[in-house]
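Q: okay, predicted coordinates and the sequence, questions at the end:
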2 protein chains.
Amino acid sequence: MPLRPLPAVQKEDAGRRTAERLRLLAEQLQPQRRMVHTGDVIYQAGERFGNLYILNSGFFKIVNLSADGREQVVGLKFRGDWLGFDGIAGQRYVCDAVAMDTGEVWVVPYESLLAACAAHPALLQMLHAAMSREIAHDRDSLMSVCTLPADARVADFLRYWAESLADRGMRTDEITLRMTRAEIGNYLGMTLESVSRALSRLARDKVIGFATKGRREVQIPDVGALSAFVQRCLAPAPAMLQ
Amino acid sequence: MPLRPLPAVQKEDAGRRTAERLRLLAEQLQPQRRMVHTGDVIYQAGERFGNLYILNSGFFKIVNLSADGREQVVGLKFRGDWLGFDGIAGQRYVCDAVAMDTGEVWVVPYESLLAACAAHPALLQMLHAAMSREIAHDRDSLMSVCTLPADARVADFLRYWAESLADRGMRTDEITLRMTRAEIGNYLGMTLESVSRALSRLARDKVIGFATKGRREVQIPDVGALSAFVQRCLAPAPAMLQ
DNA sequence: CGAGCCCTTGAGCCTTCTCAAGAGCGGTGG
DNA sequence: CCACCGCTCTTGAGAAGGCTCAAGGGCTCG
């Protein structure tokens, strides 16, 4: 039985790849840069599509709205991620993109991006890779929500957040959740109380720790322990012997 | 309160659009055509990426596999849909694509597609629109699973299936589910028993009907009734007065 | 120092899952 | 032709995970 994701070899160059990609994009697209602050909305469902956005720093959440008023966080975006793909097909965005922190986004008019892609095939490759990654990740999200019990979902969420940071060369031993319990619960399909209980259990099991002040900072001494915790949730049989 | 999706005006030309798109693709890409039968696997997780596929007829399911052996249906594909986007980023497919019926897929080598796109910008537009649609739909799936109770999820699933057929100009008053209760449950994050109970309830409420023989065929006299049922599930207050 | 959030924790309830039994349908072989 | 087998589906009863409701504590900011 295969038991570990093992996300390929990339230790010291974590983040360098992202930085390199961003450098290339900046160079070839010369995008307009725009500072954002917590709560800023970069685009909104229903708004006419025109730009894609590249996140140079900060964090974003993507919020989906249904016709009947349900509202759900369906994605999280980190440095190097693209935003706005959902708008291409219908020429209107179908989600809101909301900043969860101070940061900088690059504005890339879709039409001029296409023009640039025609000249630089590597650009097109990056665009497609970004869309592909988003599709693959959305599916993983769906699988987590569908197949994991609540506690494991929270653990997997933290693992995902930590790994996203690690991929970009950022610290993961102490991370700052940019979301309230309610937002996390919304993203994971559970209530804020359940999120809180799950975090308490993770802390009790020493899989995570809380900083001295505030429960927004989470210490993750070992990301692998989070994966192990998920596995433990999936194998309910305590396996008394052997 | 906005209460109805109202998916734009497209009655008699439903399906014509799809057919037109396919005609264009066939013409410009001259793809290799490949017949498939129920259970055939077009590509598999881990396999080296090279081709995208366009579904000309039949139905596919996309199955995601986790490192620890969980398996989940994360997508359904109908005529005109593209398959294989998940493989672009990592140069390996990360899902299985499995035929649920006899059908025909067109094989489109990614590299030659890019070459064709360079010559025909409309092609690139179609490619991006397909990827964009997939991203938007994956998010809707996540929202359904996260925000709807079991019964509503099943109703919404039927609505989605019926609308997918309608968009392609196919009948929706009587549809044949290509999936077992177990597969539907897996896709929706619930057990097969819950799916069965939900379908029974939908039938009892006359929102759907079952054909004389076999419970695989579902009669949907009015797709709108499915949406209404979803709304009813969301508004638990019986609203006794007024 | 008080107001407004956000978070935690408990108790009871409800939806959904689990386990189990049985029916319907289709295929196979005696 | 019919008996049998395997698979799928339905339905019930009981268990349980997660939700709802409620109370209380901690931060932050004015």
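A: Yep, it's here.
Q: ok, residue A:220 to DNA strand D distance?
A: Separation of residue A:220 from DNA strand D (CB to the nearest atom of the strand, to the nearest Å) stands at 20 Å. C-beta coordinates here come from the backbone N, C-alpha and C atoms, glycine included.
Q: how about the residues of chain A that lie near DNA strand D?
A: Chain A comes close to DNA strand D at residues A:149-151, A:189-191, A:193-194, A:213-214, as judged by CB under 7 Å from any atom of the strand.
Q: ok, the residue nearest the centre of chain A to DNA strand D distance?
A: Nearest to the centroid of the C-alpha atoms of chain A, with distances taken as CA atoms, centre = their mean, sits residue A:76, at 3.4 Å. Residue A:76 sits 19 Å away from DNA strand D, going by CB to the nearest atom of the strand.
Q: quick one: pLDDT of the residue nearest to that residue when sequence neighbours are not counted?
A: Leaving out its chain neighbours, the residue that sits closest to residue A:76 by CB to CB, 6 or more residues apart in numbering or on different chains is residue A:61, at 5.8 Å. pLDDT, residue A:61: 97.
Q: helix, strand or coil for residue A:61?
A: Three-state call for residue A:61 (DSSP: H, G, I helix; E, B strand; the rest coil): strand.
Q: and the gap between it and chain B?
A: 12 Å (CB to the nearest CB, to the nearest Å).
Q: what's downstream of the longest helix anywhere in chain A, the next helix or strand?
A: Using DSSP state H, we find that the single longest helix of chain A is helix A:121-147. Using DSSP states H and E, the helix or strand that follows helix A:121-147 in sequence is helix A:150-167.
Q: that next one close to DNA strand C?
A: No. Figure legend: helix A:150-167 not in contact with DNA strand C (CB under 7 Å from any atom of the strand); closest approach 10.3 Å.
Q: quick one: is that helix near chain B?
A: No. Applying CB under 8 Å from any CB of the partner chain, one finds helix A:150-167 separated from chain B by no less than 10.1 Å.
Q: which helices and strands does that helix pack with?
A: helix A:121-147, strand A:174-176, helix A:181-188, helix A:192-204, helix A:223-234 (3 or more CB pairs under 8 Å, 6 or more residues apart in numbering or on different chains; DSSP states H and E).
Q: the fourth one vs helix A:181-188, what angle?
A: Which is helix A:192-204. 100 degrees (axes from the mean of the first three to the mean of the last three CA atoms, to 10 degrees).
Q: sheet partners, orientation included, of the helix or strand following helix A:192-204?
A: Moving toward the C-terminus from helix A:192-204, the next helix or strand (DSSP H and E) is strand A:209-210. Strand pairing for strand A:209-210, using DSSP bridges, gives strand A:217-219 (antiparallel).
Q: report the distance from the strand it pairs with to the chain centre.
A: Its chain's C-alpha centre and that of strand A:217-219 lie 17 Å apart, by CA atoms, centre = their mean, to the nearest Å.
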